[in-house]
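Engineer: Next input, structure requested:
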Amino acid sequence: MNARRDTGAPLWVPPAGWLLLAIGTWLAFLAWARALTLPDEGRYAGVAWEMLRSGSHAVPLLDGMPYFHKPPLYYWMAELSFKLFGLNEWAARVPSWLAAWGALSGLYIFVRRYRDAATATVAVVMLATTPFFYGGAQFANTDMLVAAMITLSVLAGADAVLRAQSDQPYRLMSLSAAAFAGLAVLAKGLIGLVLPGATLFLWLVLTRRWYGLRVLLWLPALVLFGLVAVPWFWLMQQQFPDFFHYFFVYQHFERFAQSGFNNAQPFWFYLPVTVGLTLPWSLWGGGALRRAFWQSADPAGLRSLMAIWVVVILGFFSIPSSKLIGYMLPALPPLAVLLAIVVERAVRQSATGHARRLTYRCIAGSAILCVILVCVFVANPRHSAKPVARQLAAQMQPDDTLVTLHAYPFDLGIYTGATRPAWVVDDWNNPDIPLRDNWRKELYDAGRFDPQTAARVLIQRKDLLARLCAAPAGSRFWVWGDADDGKRTLILQGLDARLSDRRYQVWRVDIDAAFSDRMCGEMPKADSPGK
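Structural biologist: Residues are numbered from 1 along each chain as shown. Below is the predicted model:
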């Protein structure tokens with residue numbers, strides 16, 4: 001059968017520098033526009049702020065207590081960003097934006113080197129305008145950071161192997177692959193090593209590039225990986241003897257194997273989700289299902305590398321029952337390359353130019369969809385504390401204390417700029433707390449590593465009045481709750497809320513003679529609201 005001639009007009013390929021600059025600008029566009037999303041963005045940005053304001057640069061802190069759900073790379077980057085750009089949403093999202101931009105730049109350079117400039121251009125433009133990736137680049141958590149480090153580790157490792165194959169210098173890329181894997185571990189734990197390692201190993205085995213094992217397992221590269229990845233974990237274990245068990249055994253292996261955590265989904269969950277979240281580009285996926293796509297020349301093994309990479313990510317995260325959408329971000333770069341090959345080939349083989357026009361429409365449609373989705377989130381901030389917290393920040397004094405009732409808005413510290421941990425009032429003796437995957441368990445787990453601070457900030461409901469009565473005269477407490485709390489909480493009865501919106505209300509409790517007379521005797525006064 002005769003191959004079709006390439007008769008279509010090619011896609012426009014801009015200069016590399018201008019393309020990457022435009023993509024970086026695009027990814028940062030609108031990153032400032034919406035409030036922090038709860039719980040994730042509020043939690044991670046809040047931890048970074050606590051580290052910065054307390055000077056605890058090694059130990060992540062949640063409400064003043066050690067928080068070891070994730071390693072510190074995002075927090076370190078966010079700390080620096082807050083210091084440079086101030087305490088705001090854009091600064092909280094800078095680590096994810098830089099990570100996404102770095103991953104796209106590395107992908108472009110790699111694909112251009114081992115395929116062509118047109119495919120590289122389509123791949124990065126496709127990825128940058130995919131709403132899922134675009135949203136990840138503007139989301140303040142660890143998902144984009146680990147996805148980018150995995151991407152750069154795989155690309156650097158494959159580049160090192162291909163350079164060695166053609167007798168070119170490869171050791172710098174081998175060191176780069178190790179360093180990026182180490183940073184991936186600092187971003188999210190062992191998957192930072194397991195996923196790029198599994199991808200590269202399977203690629204070497206299936207393409208019979210056995211010499212690549214020697215290239216990637218070069219002793220200086222292994223040493224560099226250890227120097228990047230190990231010191232923080234070792235330091236935490238020295239300071240907190242239960243750290244290794246909690247972080248590696250519980251957070252990694254037990255959570256991976258057990259089914260009692262949030263968002264349990266069937267094994268096949270990620271397949272339709274990935275297709276849906278990469279629309280409209282995933283509509284080109286039919287071209288990758290044709291036999292001719294896989295039988296065409298692939299001397300560098302780029303196509304097989306990308307396919308193995310996608311399968312490793314999908315397969316690994318499909319095993320546990322708990323599935324979160326952000327886990328699929330590391331699969332997007334290789335998927336974009338595979339789809340870019342389909343698109344670029346269709347454009348070259350289209351005599352009418354229809355494929356080229358369709359490609360440009362997909363770019364425009366995807367970009368518009370990205371902006372629409374951001375606007376949707378701007379209009380629906382998902383119970384953000386921002387409106388009330390900003391007003392509260394204008395009235396709080398540095399020595400004031402926040403008190404939250406049966407809730408802990410993760411973004412409260414960010415938006416108030418609070419300089420001390422909040423008191424969180426709840427039933428902390430409830431035996432169900434360690435069994436449920438929610439904010440209470442996160443605070444409870446953090447308190448296990450610092451019982452003294454936990455005793456100070458995690459307060460039983462029945463003990464709140466005694467704690468307030470023991471506070472020095474002149475102290476001020478801002479009590480954060482909802483409308484019902486004004487009626488059912490003794491210390492708030494008779495007080496008007498200072499701040500409120502449809503969801504939250506805030507009262508100010510001043511520790512003065514009037515408060516002591518009303519609340520701190522052997523029993524409330526006969527004419528007091530607490531009668």
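Engineer: Tell me, how many residues neighbour the spatially closest residue to Pro387 that is not a sequence neighbour?
Structural biologist: Distance criterion Cβ to Cβ, 6 or more residues apart in numbering; nearest residue to Pro387, sequence neighbours excluded, is Asp501 at 5.5 Å. (C-beta placed from N, C-alpha, C; glycine too.) Each residue near Asp501 was counted by other Cβ atoms under 10 Å, and the total is 12.
Engineer: Is Val479 in a helix, a strand, or coil?
Structural biologist: strand (DSSP: H, G, I helix; E, B strand; the rest coil).
Engineer: who's in contact with it?
Structural biologist: 403-405, 485, 489, 491-492, 506-509 (Cβ atoms under 8 Å, 6 or more residues apart in numbering).
Engineer: now Leu271
Structural biologist: Leu271 neighbours (Cβ under 8 Å, 6+ apart): Leu314.
Engineer: Looking at Ala257 now. What's its pLDDT?
Structural biologist: If you check Ala257, the pLDDT there is 62.
Engineer: same question, the one 3 residues further on
Structural biologist: Gly260 is assigned a pLDDT of 50 by the prediction.
Engineer: can you list the weak-confidence ranges in the stretch 351-500 of the chain?
Structural biologist: Low-confidence segments of the stretch 351-500 of the chain, defined by pLDDT under 70: 351.
Engineer: Do a quick rundown of the helices in it.
Structural biologist: Along the stretch 351-500 of the chain, counting by DSSP state H, counting those that start in this stretch, helices occupy 354-379, 386-395, 412-416, 439-449, 451-457, 464-469, 485-488.
Engineer: The stretch 101-250 of the chain too?
Structural biologist: Using DSSP H, counting those that start in this stretch, helices in the stretch 101-250 of the chain cover 117-129, 131-137, 143-165, 171-188, 191-206, 211-216, 219-239, 243-244.
Engineer: What average pLDDT does the second one get?
Structural biologist: In this model, helix 131-137 carries a mean pLDDT of 95.
Engineer: returning to what we had before: between the contacts of Val479, which is closest to Leu224?
Structural biologist: Thr404 (44.0 Å; Cβ to Cβ).
Engineer: can you tell me which residues contact that closest one?
Structural biologist: 412, 422-425, 479-481.
Engineer: ok, now Pro334?
Structural biologist: 305-307, 309-310.
Engineer: just Leu219 next, same as before
Structural biologist: Contacts of Leu219 (Cβ under 8 Å, 6+ apart): none.
Engineer: Now do it against Phe225, distance only.
Structural biologist: As judged by Cβ to Cβ, to the nearest Å, Leu219 and Phe225 stand 11 Å apart.
Engineer: And for Gly182?
Structural biologist: 5 Å.
Engineer: hmm, back to that, which of the contacts of Val479 fall within strands?
Structural biologist: Judged by DSSP state E, the contacts of Val479 include 403-405, 506-509 as members of strands.
Engineer: Out of these, which is nearest to Leu11?
Structural biologist: Distances from Leu11 to the ones in strands among the contacts of Val479, taken by Cβ to Cβ, are shortest for Thr404, at 53.9 Å.
Engineer: The closest residue to that closest one other than its chain neighbours bridge partners, please.
Structural biologist: Leaving out its chain neighbours, the residue that sits closest to Thr404 by Cβ to Cβ, 6+ apart is Trp480, at 4.5 Å. Counting by DSSP bridges, Trp480 is bridged to Thr404, Val506.
Engineer: dump the residue contacts of Trp480.
Structural biologist: 402-405, 407, 409, 412, 422, 504, 506.
Engineer: Kindly report the domain assignment for the chain.
Structural biologist: 68-379, 386-519 (automatic domain parsing).
Engineer: burial count for Tyr211?
Structural biologist: Tyr211 has 12 nearby residues by other Cβ under 10 Å.
Engineer: Pull the contacting residues for it.
Structural biologist: Neighbours of Tyr211 in contact, by Cβ under 8 Å, 6+ apart: 161, 164-165.
Engineer: per-residue pLDDT, it?
Structural biologist: Reported pLDDT for Tyr211: 93.
Engineer: And it, how far from Ala164?
Structural biologist: 6 Å.
Engineer: between the contacts of Val479, which is nearest Pro71?
Structural biologist: Nearest member of those to Pro71, counting by Cβ to Cβ, is Thr404, at 27.1 Å.
Engineer: Could you report the distance from the residue most central in space within the chain to Trp507?
Structural biologist: The centroid of the chain falls nearest to Asn141 when counting by Cα atoms, centre = their mean (2.4 Å). Computed as Cβ to Cβ, the Asn141 to Trp507 distance reads 32 Å.
Engineer: and if you look at Ala177?
Structural biologist: Distance from Ala177 to Trp507, by Cβ to Cβ: 55 Å.
Engineer: Repeat that for Met306.
Structural biologist: Taking Cβ to Cβ, one finds Met306 at 57 Å from Trp507.
Engineer: which of Ala177 and Trp507 has more neighbours?
Structural biologist: Shown here are Ala177 and Trp507; by other Cβ under 10 Å, Ala177 has more neighbours (29 against 22).
Engineer: Now that the more buried one has come up, it's in contact with Leu216, right?
Structural biologist: Yes: if you go by Cβ atoms under 8 Å, Ala177 and Leu216 touch, sitting 6.5 Å apart.
Engineer: overlap in contacts of these two?
Structural biologist: What both Ala177 and Leu216 touch, as defined by Cβ under 8 Å, 6+ apart, is the set 157, 160, 200.
Engineer: Next, the contact list for the first one, please.
Structural biologist: So the one you mean is Gly157. 173-174, 177, 196, 200, 216.
Engineer: Need the per-residue pLDDT for the closest residue to it other than its chain neighbours.
Structural biologist: The shortest distance from Gly157 to any non-neighbouring residue, by Cβ to Cβ, 6+ apart, is to Ala177 (3.7 Å). Here the pLDDT value assigned to Ala177 is 98.
Engineer: Need the winner for burial among the helices of the stretch 351-500 of the chain.
Structural biologist: helix 412-416 (a mean of 27; mean count of other Cβ atoms under 10 Å).
Engineer: which helices and strands sit right next to that helix?
Structural biologist: helix 40-54, helix 386-395, strand 401-405 (3 or more Cβ pairs under 8 Å, 6 or more residues apart in numbering; DSSP states H and E).
Engineer: and of the ones you listed, who's closest to Ser350?
Structural biologist: helix 40-54 (42.3 Å).
Engineer: what does the closest one contact?
Structural biologist: 36, 56-57, 59-64, 67, 70, 74-75, 78-79, 82-83, 87, 89, 92-93, 139-142, 384-385, 409-414, 419, 421, 442.
Engineer: now it and helix 386-395, what's the angle there?
Structural biologist: Going by axes from the mean of the first three to the mean of the last three Cα atoms, to 10 degrees, helix 40-54 is angled at 20 degrees with respect to helix 386-395.
Engineer: For the very next helix or strand once past helix 40-54, which strands pair with it and how are they oriented?
Structural biologist: Sequence-wise, the next helix or strand downstream of helix 40-54 (DSSP states H and E) is strand 61-62. Counting by DSSP bridges, the strands paired with strand 61-62 are strand 65-66 (antiparallel).
Engineer: now the strand it pairs with, how far from the chain's geometric center?
Structural biologist: 20 Å (Cα atoms, centre = their mean, to the nearest Å).
Engineer: What is the subsequent helix or strand relative to that strand?
Structural biologist: helix 73-85.
Engineer: helices or strands next to that following helix in the packing?
Structural biologist: Using 3+ Cβ pairs under 8 Å, 6+ apart: helix 73-85 touches helix 40-54, helix 89-114, helix 143-165, helix 171-188.
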